[in-house]
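[1] need a 3D model of the sequence below.
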Amino acid sequence: MHNSCAVMKMQKQIGMTEIYESSKGLLENAGPGSKTAVIVAGHRFDESQKPEDERICYDPYAVHFVTPEIRELNKDPLKAKAMLESLGNVGILLLGMGNSTRARVRYFDDFVKASIDKGLEQLVILGAGYDTRAYRIEGPHDRGNFKVFEVDHPTTQGAKKEKIKEIFGELPDHVMYVPVDLRTEILGERLLGSGYDRSKQTLFIMEGLLMYLPPKAVDEILSSIVNNSAKGCSIIFDYYPESGS
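    The predicted structure is shown next:
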């Protein structure tokens, strides 16, 4: 916990702008979508290259969401290490963020799998980015009545849909793509208009999201979830405590 808080504090001090600038060479071909989503996919991709008995998480589709530069860097661990060392505090932060992100992915994956085993009927992924749980976790794609709602900014979601069509040839029937700017739009209205059933057992995921939204938007999201979910529904999220600042 101490190390996690230290990473959080350092990220607040350095800021995402400096992180993006330091990673510019790896993100030049990131496309129009979220660069943060590319970075997170990069961590999943890197971890997935490790032997099965060593890796924390596994995502066979992450490779499709990273840049050619990230794929090339993954082939040369010594070069990657040298690059991080050359970035000083930013490099330390990137290493810490990478380790914590991989652990977070595994924790969320396990929670989703456990929820499916208990009879989950709907999965709502807020700020979905390049999350691939709808396609790689057993349950969502092989149950006829199971629906996944991916909620994200229209620009990032549009880029993701193009990648998904490249991977599978078409968009999967069990995934509903809900374009929403969570900073300004009302979540509940958009969900209900996309086929979401408030009477079904649902898990809401907010991974790597809340710390990037203003408090008012977070309040609106939580209120929408409370007002549009049945008894027994669940929510899982991570956040940066104010004490870490």
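
[2] and for Ala134, nearest residue in space, chain neighbours not counted?
    Nearest residue to Ala134 in three dimensions, chain neighbours excluded: Val148, at 4.0 Å (Cβ to Cβ, 6 or more residues apart in numbering). Quick note: C-beta positions are derived from backbone N, CA and C, even for glycine.

[3] longest helix anywhere in the chain?
    If you go by DSSP state H, the chain has its longest helix at helix 89-117.

[4] quick one: strands adjacent to the helix or strand just after that one?
    For helix 89-117, the succeeding helix or strand toward the C-terminus, using DSSP states H and E, is strand 122-126. According to DSSP bridges, strand 122-126 forms sheet pairs with strand 147-152 (parallel), strand 202-206 (parallel).

[5] what does the longest one rub up against?
    Yep, that's strand 147-152 we're talking about. 121-129, 131, 133-134, 140, 157, 160, 174-180, 182, 187, 190-191, 194-197 (Cβ atoms under 8 Å, 6 or more residues apart in numbering).

[6] which among these end up buried?
    Neighbour-count burial (16 or more other Cβ atoms under 10 Å) is assigned, among the contacts of strand 147-152, to 121-129, 131, 133-134, 140, 157, 160, 174-180, 182, 187, 190-191, 194, 196.

[7] inside helices: which ones of those residues?
    Short answer: the buried ones among the contacts of strand 147-152 in helices (DSSP H) are 133-134, 157, 160, 187, 190-191.

[8] centre-most residue in this protein?
    Asp131 (4.7 Å; Cα atoms, centre = their mean).

[9] just give the nearest non-adjacent residue to that one, would you?
    Distances taken as Cβ to Cβ, 6+ apart place Ile125 nearest to Asp131, at 5.4 Å, with adjacent residues excluded.

[10] same thing with Gly129?
    Per Cβ to Cβ, 6+ apart, closest to Gly129 is Ala37, 3.4 Å.

[11] would you confirm that Arg183 contacts Pro215?
    No. Under the criterion of Cβ atoms under 8 Å, Arg183 makes no contact with Pro215, lying 11.4 Å away.

[12] neighbour count: the two, which is higher?
    Arg183 (12 against 8; other Cβ atoms under 10 Å).

[13] local confidence estimate at that one?
    pLDDT recorded at Arg183 is 93.

[14] any idea how far the nearest residue to it once chain neighbours are set aside lies from Val178?
    In this structure, Arg183 finds its nearest non-sequential neighbour in Ala217, 5.2 Å apart by Cβ to Cβ, 6+ apart. Counting by Cβ to Cβ, to the nearest Å, the gap from Ala217 to Val178 is 16 Å.
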